[in-house]
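A.B. asks: Got a predicted structure plus its sequence, pasted below:
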Amino acid sequence: MPTEKQPDKTDDRVKAAIDALTALPFVSDPLPGIGGTIKATPEHFVVEEILPYTACGQGEHIYVTFRRSGWNTADAARAIQQRLKLAPTDVGYGGRKDKTAVVEQTFSLRCGESRPLAEIERALAELPFEILAIDRHRNKIKTGHVAANRFTIVVSQPEPNALPGAQAIAERLAKTGIPNFYGPQRFGHGWQNVKRGFALFRPLKKVRKNPFMVSVVQSTLFNIWLKQRMETGGYGQLLKGDIVKKTDTGGMFTVEDLAMDAPRFENGEIVYTGPIYGFKMKPAADAAGEIEASLLAQFGLCAEDFRPLRSPGSRRPAILRPDELEIGESSEGLRFTFTLPSGAYATMVLREFTRST
């Protein structure tokens, strides 16, 4: 018997996703924002990547730390690869960084143990990047191999007398945490990445591996899940069946006894996580699980739809707490410095202050 043609829901999925993503809530409401502009110049947005380890001095991979501006990570990696005549898979990095920024980031380059460091450094000197460090290591830097990112950001032209307002917002965020939304840069100009990502889920479509575009769909669904949780009053509390993460060890477990675990959540010992949907993702249970399953069904998807795309899924902490947050005045506005874990977005921290959407 011929296979019944399945309806293509791509356009409906994309429209629903974009409608939801364009109006994310603020946890700092009703405090007034400070206004201002982020990234007026690249020098106003400085990010320093912190790796969980240092190069050991031996191995076939060369770790090179660059300072660059005006280049996104993928384009920088391509330029390095072409300059050294490497295969694309020979170049590794821990995460994507903004184009409109001054970025310090380390790349791993599989050049072999016999190729001299001096030769590699001379070749890379032709690129418009400043080389800060170079050494050997045994393994490639893969996505997620980042301990944290340190940010120094200037918000230019804020409202008059903005510092007290910013400090009041910071005090509130210290109590509530910050919604760990994915930033708009992940979704592309004009939401193009959202459109391309959902197109991978067309019925009977011959699937071509594209991990980043699949992750855009996962990020989209996570943001919508978190937005709905905030709008239904569940942001500041645990639900039965939540999968939570211990903030000290990273261990995870399912909430079964709210009376026991709620105080630990309030004290910051644990944080609930949201779905990065995939065929192996551990789903929440009970009330929390019903919400996760309902959202996926709302988009006409199921966990098995991610299997042909080789995306197992994971969990993401829903609440973010920046480390070492400091706010001060500068000649051009307000200067913010803070550290975020890998995968968190500085723009989503700053939006709570500026009220930019």
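C.D. replies: Now that the structure is in, tell me what you want to look at. Residues are numbered from 1 along each chain as shown.
A.B. asks: Spit out the contact partners of the closest residue in space to residue 239 that isn't next to it in sequence.
C.D. replies: In this structure, residue 239 finds its nearest non-sequential neighbour in residue 288, 4.3 Å apart by C-beta to C-beta, 6 or more residues apart in numbering. No exception for glycine: its C-beta is placed from N, CA and C like everyone else's. Counting by C-beta atoms under 8 Å, 6 or more residues apart in numbering, residue 288 touches 239-243, 255, 272.
A.B. asks: can you put these in a markdown table and add distance to residue 351 and neighbour count?
C.D. replies: Conversion of these to a markdown table gives the following (distance: C-beta to C-beta, whole Å; neighbours: other C-beta atoms under 10 Å):
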| residue | distance to residue 351 | neighbour count |
| --- | --- | --- |
| 239 | 25 | 18 |
| 240 | 31 | 16 |
| 241 | 30 | 20 |
| 242 | 25 | 29 |
| 243 | 26 | 21 |
| 255 | 29 | 24 |
| 272 | 21 | 24 |
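A.B. asks: remind me which residues of the protein are low pLDDT?
C.D. replies: 1-7, 205, 207, 357 (pLDDT under 70).
A.B. asks: Domain boundaries for it, per the record?
C.D. replies: Following automatic domain parsing, one finds the domains of the chain at 10-31+175-320, 53-145.
A.B. asks: Could I get those domains in a markdown table, plus columns for distance to residue 340?
C.D. replies: Shown next, in a markdown table, are these (distance: least, C-beta to C-beta, whole Å):
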| stretch | distance to residue 340 |
| --- | --- |
| domain 10-31+175-320 | 7 |
| domain 53-145 | 11 |
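A.B. asks: Can you get me a residue count around the closest residue to residue 87 other than its chain neighbours?
C.D. replies: Ranked by C-beta to C-beta, 6+ apart and with sequence neighbours excluded, the top spatial neighbour of residue 87 is residue 81, at 7.4 Å. Using other C-beta atoms under 10 Å, residue 81 is surrounded by 17 other residues.
A.B. asks: correct me, but residue 353 touches residue 34?
C.D. replies: Yes. Contact criterion C-beta atoms under 8 Å: residue 353 and residue 34 qualify, at 5.4 Å.
A.B. asks: Now the common contact residues for these two.
C.D. replies: Counting by C-beta under 8 Å, 6+ apart, the shared contacts of residue 353 and residue 34 are 155, 166, 169.
A.B. asks: The helix or strand containing residue 296: which residues count as buried?
C.D. replies: In this structure, residue 296 sits in helix 286-298 according to DSSP states H and E. For helix 286-298, a neighbour-count test (16 or more other C-beta atoms under 10 Å) marks 288-289, 291-292, 295-296 as buried.
A.B. asks: For residue 121, give me its contacts.
C.D. replies: Contacts of residue 121 (C-beta under 8 Å, 6+ apart): 131, 134.
A.B. asks: Just say helix, strand or coil for it.
C.D. replies: helix (DSSP: H, G, I helix; E, B strand; the rest coil).
A.B. asks: From residue 88, how far off is it?
C.D. replies: Using C-beta to C-beta, to the nearest Å, residue 121 is found at 21 Å from residue 88.
A.B. asks: burial measure for the residue nearest to residue 277 when sequence neighbours are not counted, as a count.
C.D. replies: Leaving aside its sequence neighbours, residue 277 sits nearest to residue 313 (C-beta to C-beta, 6+ apart; 5.3 Å). By the criterion of other C-beta under 10 Å, residue 313 has 17 neighbours.
A.B. asks: Pull the contacting residues for residue 313.
C.D. replies: Residue 313 makes contact with 218, 275-281, 303, 306, according to C-beta under 8 Å, 6+ apart.
A.B. asks: Now residue 131: which helix or strand?
C.D. replies: Taking DSSP H and E as the definition, residue 131 sits inside strand 130-137.
A.B. asks: ok but residue 173 is inside a helix, no?
C.D. replies: Yes. Secondary structure assignment places residue 173 in a helix (three-state DSSP).
A.B. asks: Would you mind pulling up the elements that the host helix or strand of residue 213 packs against?
C.D. replies: Using DSSP H and E, residue 213 sits within helix 211-231. Where contact means 3 or more C-beta pairs under 8 Å, 6 or more residues apart in numbering; DSSP states H and E, helix 211-231 is packed against helix 10-21, helix 192-199, strand 270-276, helix 286-298.
A.B. asks: Sheet-wise, list the partners of the shortest one with their directions.
C.D. replies: Looking at strand 270-276 with DSSP bridges, its paired strands and their directions are strand 243-246 (antiparallel), strand 314-317 (antiparallel).
A.B. asks: Including distance to residue 343, could these go into JSON lines?
C.D. replies: Output for these, formatted as JSON lines (distance: least, C-beta to C-beta, whole Å):
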{"stretch": "strand 243-246", "distance to residue 343": "13"}
{"stretch": "strand 314-317", "distance to residue 343": "7"}
